[in-house]
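Undergrad: from the sequence below, what's the structure:
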Amino acid sequence: VQLVESGGGSVQAGDSLRLSCVASGRTFSSYSMGWFRQAPGKERDLVATISFTRSGPPTYYADSVKGRFTISRDNAKNTVYLQMNSLKPEDTAIYYCAARTAISVRITGPTDVDYWGQGTQVTVSS
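TA: Purely as a prediction, here's the structure:
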């Protein structure tokens, strides 16, 4: 599985960006997908996930992005998106797309990830 991100950039506080991640693999629709971010000198943190589960909420958001970020997926295009609104300087980080191939099991942290994208830089200035 290969994951290729795009959509990062430099914006002002309050602006929006949409990240995209295109995945290879014929069983993409069954993957749990997620977005992580890593700021300089900090750990890689989970931002949002979207799962293929038969029970429970299909999406998860870190408290720091709830109400501002939205994760979605288009299985026909093998693509997962992260819509980021009302961006803040503290959102500045490298954003990584992640995939977990175990069916019906969502991503809860970095150790759950089977595949990573190469990362895309998001910089938010005040």
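
Undergrad: switch to C-alpha atoms for all contacts and neighbour counts from now on
TA: Will do.

Undergrad: spit out the contact partners of Thr120.
TA: 5-8, 94-96 (C-alpha atoms under 8 Å, 6 or more residues apart in numbering).

Undergrad: and it, what are its bridge partners?
TA: Tyr95 (DSSP bridges).

Undergrad: now it: how far from Asp45?
TA: Here Thr120 is placed at a distance of 15 Å from Asp45 (C-alpha to C-alpha, to the nearest Å).

Undergrad: how about the most centrally placed residue in the chain, what does it touch?
TA: Residue closest to the average C-alpha location in the chain (C-alpha atoms, centre = their mean): Trp35, at 1.9 Å. Shown in contact with Trp35 (C-alpha under 8 Å, 6+ apart): 46-49, 82, 95-98.

Undergrad: redo those as JSON lines? Include secondary structure.
TA: Formatted as JSON lines, the contacts of Trp35 follow (DSSP: H, G, I helix; E, B strand; the rest coil):
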{"residue": "Leu46", "secondary structure": "strand"}
{"residue": "Val47", "secondary structure": "strand"}
{"residue": "Ala48", "secondary structure": "strand"}
{"residue": "Thr49", "secondary structure": "strand"}
{"residue": "Leu82", "secondary structure": "strand"}
{"residue": "Tyr95", "secondary structure": "strand"}
{"residue": "Tyr96", "secondary structure": "strand"}
{"residue": "Cys97", "secondary structure": "strand"}
{"residue": "Ala98", "secondary structure": "strand"}
